[in-house]
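Novice: Sequence first, then the predicted structure, then my questions.
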Amino acid sequence: MNQSPARYRLHGDNRSGNCYKVALILRMTDRPFEWVPTDVLARETRTDTFLALNPNGRVPVLVLPDGRILSESNAILIHLAENTSWLPAGAYQRAQVYQWLFFEQYSHEPYIAVARFIVHLAKMGDSKKKQMQHLWKNGNAALKIMNDHLGQAGFMVGEQLTIADIALYAYTHTAHDGGFDLQPYENIRKWLSGFEAQPGYVSMEDACQ
């Protein structure tokens, strides 16, 4: 009897933008994978079984077809983008992609994703008004930087999609869940629509399953 070929196994929470990044590139590059639901709020990332995969206790975790393990969403994106159009061959453009990946993790996600968690998932917005003001201020600063940049380019790096777009799309398209108004950011709204029109695009709901 023929055995099914080994494939990727993605441990993730379907409410997480970081998990969506990985599921999205797997689907947009036509790589079959097994989705392993891992509920962060139910502390499923703190079990001994999960911590054996990632001692940091965070999703996503990707198990490669050969059994090796990767964590940290943007590191996984880089690995999956190797030798594809999602990561430019030129050294300078690759560095630009990395620049936006670092921007996403340090200046974007800590504000936009955290605001979304507090308001949309934990339902604690009213009790954290002071923190929310801080998150909105810094999140809007990140959105302005993106919007200004996208006024000069169709995508985050050059004129074709890269993993920089995936990384920033994941939480930008759900920013409204955290109380951010995208109406003033015309260039971001055009970029979101353009991303969603790409062949192979799937929503968070459809990708993470």
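Specialist: Arrived safely, thanks for sending.

Novice: which one is residue 37 nearest to, not counting chain neighbours?
Specialist: Closest residue to residue 37 in three dimensions, ignoring its sequence neighbours and counting by Cβ to Cβ, 6 or more residues apart in numbering: residue 14, at 6.9 Å. All C-beta atoms are positioned from the backbone trio N, CA, C, and that covers glycine.

Novice: likewise residue 154?
Specialist: By the measure of Cβ to Cβ, 6+ apart, the closest residue to residue 154 outside its immediate chain neighbours is residue 194, 6.8 Å from it.

Novice: pretty sure the one you found is in a strand, no?
Specialist: No - according to DSSP: H, G, I helix; E, B strand; the rest coil, the state of residue 194 is helix, so it is not within a strand.

Novice: What count of nearby residues applies to it?
Specialist: Residue 194 has 14 neighbouring residues, counting by other Cβ atoms under 10 Å.

Novice: what do you get for residue 196?
Specialist: Number of residues near residue 196 (other Cβ under 10 Å) recorded here: 12.

Novice: show me the contacts for it.
Specialist: residue 173 (Cβ atoms under 8 Å, 6 or more residues apart in numbering).

Novice: how far away is it from residue 102?
Specialist: For residue 196, the distance to residue 102 under the criterion Cβ to Cβ, to the nearest Å works out to 25 Å.

Novice: Dihedrals phi and psi, residue 35?
Specialist: Here is the backbone geometry of residue 35 (degrees, to the nearest 10): phi -90, psi 120.

Novice: From residue 29, how far out is it?
Specialist: Taking Cβ to Cβ as the measure, residue 35 and residue 29 are separated by 16 Å.

Novice: Please parse the chain into its domains.
Specialist: Each structural domain of the chain that the record assigns through automatic domain parsing is listed here as a residue range: 8-84, 91-196.

Novice: Could you work out which of the ones you listed reaches nearest to residue 208?
Specialist: For the domains of the chain, the distance to residue 208 is smallest for domain 8-84, at 3.7 Å, taking Cβ to Cβ.

Novice: how far does that closest one sit from the chain's center?
Specialist: The offset between the C-alpha centroid of domain 8-84 and the centroid of the whole chain comes to 11 Å, using Cα atoms, centre = their mean, to the nearest Å.
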